[in-house]
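Asks: predicted structure and sequence below. I'll ask about it afterward.
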2 protein chains.
Amino acid sequence: MEFNLQQSLPILERTPVVIKYLLQDLDDEWIMNNEGGDTWSPYDVVGHLIHGENHDWIARVKITLRNDGNNHYEPFNRTAMFEESKGKSLRQLLQEFEDLRGVSLAQLRQLNIQPQDLDKTAIHPSFGVVTLRQLLSTWVAHDLSHIVQISRTMAKQYKEEVGPWKEYLSVMK
Amino acid sequence: MEFNLQQSLPILERTPVVIKYLLQDLDDEWIMNNEGGDTWSPYDVVGHLIHGENHDWIARVKITLRNDGNNHYEPFNRTAMFEESKGKSLRQLLQEFEDLRGVSLAQLRQLNIQPQDLDKTAIHPSFGVVTLRQLLSTWVAHDLSHIVQISRTMAKQYKEEVGPWKEYLSVMK
């Protein structure tokens, strides 16, 4: 499927609502348990998405639109939320994410991106040259991948309780 | 995590809403594309969930509550939706799932399941003896696993478009 901004905006818009319905007011075990080891809980994931709104996506879109061959992205701190979420309730984080995403998308619309802009490039700290098309596609896929992660983490909490059905639930593996 | 009916009901209640926000009114490519081969599209998954409401979950709960040692489940047809969804729009299917899930949960509440009921058993066509606890845990995990599947299938549509970021998105593998 080719990247299409108009077909992607509804997904970016709804991610906060999807995650709110997945998580809000659930018992803490659903929210705070992770997949074991140093994996993330749903609570951690929401903090990570907030950090992305504050420091990553729109900032990188603007840098890319400069397209001047010397437009480097700042490295992204994938684990900043372990400090930044401290003391906040999930309800606060969900609202914060929804508000920030609203601001991001208002900015994105103001930038009035045209098809030819999608080929503009910037310099990623690990990958080197990347295009605006790749960045925006990644924003969408990143949202969806964290919905995958949240739902998978929740499903796994019943790994033992499902008994023999574990065999039919590939998500448990 | 131990199975807890009160902590599980909100998840079962919200699955139709979560999936509606994930999918409704999106372009057909998001809805009808699958992960390749004989995998399912988001549209197929919603049909499968409808079939489960009509033929599987509550029917099996009732059979299990009989607990008479001769209470066999009917085999479940995992692919019935390829016929049953024909000619229906996604919007129709989403509404149908939401309505049917409402009916299922009303029935579940009427059954007034008590902690001691969770140990009641029935006979699964492949697994043999299973408990009500395992069945109800599986209902929850099954919902979540299909939210995983829908979001993963959507993310993969941008597998090529994300360029080098594919490396960071484990969902693409």
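Replies: Thanks, I have it.
Asks: so the helix or strand containing residue A:29, near chain B or not?
Replies: Taking DSSP states H and E as the definition, one finds residue A:29 inside helix A:28-32. Yes - using C-beta under 8 Å from any C-beta of the partner chain, helix A:28-32 reaches chain B at A:29, A:30. (C-beta placed from N, C-alpha, C; glycine too.)
Asks: just the buried positions in that helix, please.
Replies: Using 16 or more other C-beta atoms under 10 Å in any protein chain shown as the test for burial, helix A:28-32 gives A:30, A:31.
Asks: so residue A:156 is in contact with residue A:170, correct?
Replies: No - applying C-beta atoms under 8 Å, one finds residue A:156 not in contact with residue A:170, separated by 11.7 Å.
Asks: of the two, who's got more company?
Replies: residue A:156 (22 against 10; other C-beta atoms under 10 Å in any protein chain shown).
Asks: so what's that one up against?
Replies: When contacts are counted by C-beta atoms under 8 Å, 6 or more residues apart in numbering or on different chains, residue A:156 touches A:35, A:171, A:172.
Asks: what pLDDT, on average, does the host helix or strand of residue A:138 get?
Replies: Counting by DSSP H and E, the element that carries residue A:138 is helix A:132-156. For helix A:132-156, the mean per-residue pLDDT is 98.
Asks: which helices and strands does the helix or strand of chain A with the lowest mean pLDDT pack with?
Replies: Of all helical and strand segments in chain A, the minimum by mean pLDDT, DSSP states H and E falls on helix A:81-84, at a mean of 90. Helices and strands touching helix A:81-84, by 3 or more C-beta pairs under 8 Å, 6 or more residues apart in numbering or on different chains; DSSP states H and E, are helix A:42-55.
Asks: export the helix it packs on as PDB, just CAs?
Replies: C-alpha atoms of helix A:42-55 as PDB (Å, rounded to 0.1, in the frame of the first residue of the first chain):
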ATOM      1  CA  PRO A  42       0.500  -0.400  28.800                       C
ATOM      2  CA  TYR A  43       1.100   2.500  31.200                       C
ATOM      3  CA  ASP A  44       4.700   2.700  29.900                       C
ATOM      4  CA  VAL A  45       3.600   2.700  26.300                       C
ATOM      5  CA  VAL A  46       1.200   5.600  26.800                       C
ATOM      6  CA  GLY A  47       4.100   7.600  28.300                       C
ATOM      7  CA  HIS A  48       6.300   6.700  25.400                       C
ATOM      8  CA  LEU A  49       3.600   7.900  22.900                       C
ATOM      9  CA  ILE A  50       3.500  11.200  24.900                       C
ATOM     10  CA  HIS A  51       7.200  11.700  24.600                       C
ATOM     11  CA  GLY A  52       6.900  11.100  20.800                       C
ATOM     12  CA  GLU A  53       4.300  13.900  20.500                       C
ATOM     13  CA  ASN A  54       6.500  16.300  22.500                       C
ATOM     14  CA  HIS A  55       9.900  15.600  21.000                       C
END
